[in-house]
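> Build me a model from this:
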Amino acid sequence: MKPLVEFCASNVASYTQAVVDALENDPELDVDVLEYGCLGYCGECYMEPFALVNGKLVQAPSAEALLDKIKKELQDEEDIYGDLPL
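All right, here's what the predicted structure looks like:
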């Protein structure tokens, strides 16, 4: 099962479009990237870039830092779970 990275449409419009694009276009990553109207993290959505990585909230002060944190989270999960379905 592919890792799942979820984004809030409002957060994408404000902060994270570049992160979505980078994840979708990275040939080294095999992830599903989905955008929803709302993920229920309105306070976080208003304040800074965020995403859910396999259901885990990942936040950062900038889009660039968020992309780095998402990639680290994906790598950490790969190291822990390997080929096991998440």
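
> Show me where this protein dips below the pLDDT cut-off.
81, 83-86 (pLDDT under 70).

> Can you check which helix is longest in it?
Across the chain, the helix with the greatest residue count (assigned by DSSP state H) is helix 63-81.

> got the contact list for that one?
3, 5, 15-16, 18-19, 22-23, 29, 31, 49-51, 53-54, 56, 58-60, 86 (CB atoms under 8 Å, 6 or more residues apart in numbering). (C-beta placed from N, C-alpha, C; glycine too.)

> Buried ones only from those, please, as a PyMOL command.
Restricted to buried positions by 16 or more other CB atoms under 10 Å, the PyMOL selection for those reads:
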select buried, resi 3+5+15+16+19+22+23+29+31+49+50+51+53+54+58+60
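
> Show me the contacts of helix 63-81 that map onto strands.
5, 50, 51, 53, 56, 58, 59 (DSSP state E).

> I figured the third one hits residue 12, correct?
No - taking contact to mean CB atoms under 8 Å, the distance of 9.4 Å between residue 51 and residue 12 leaves them out of contact.
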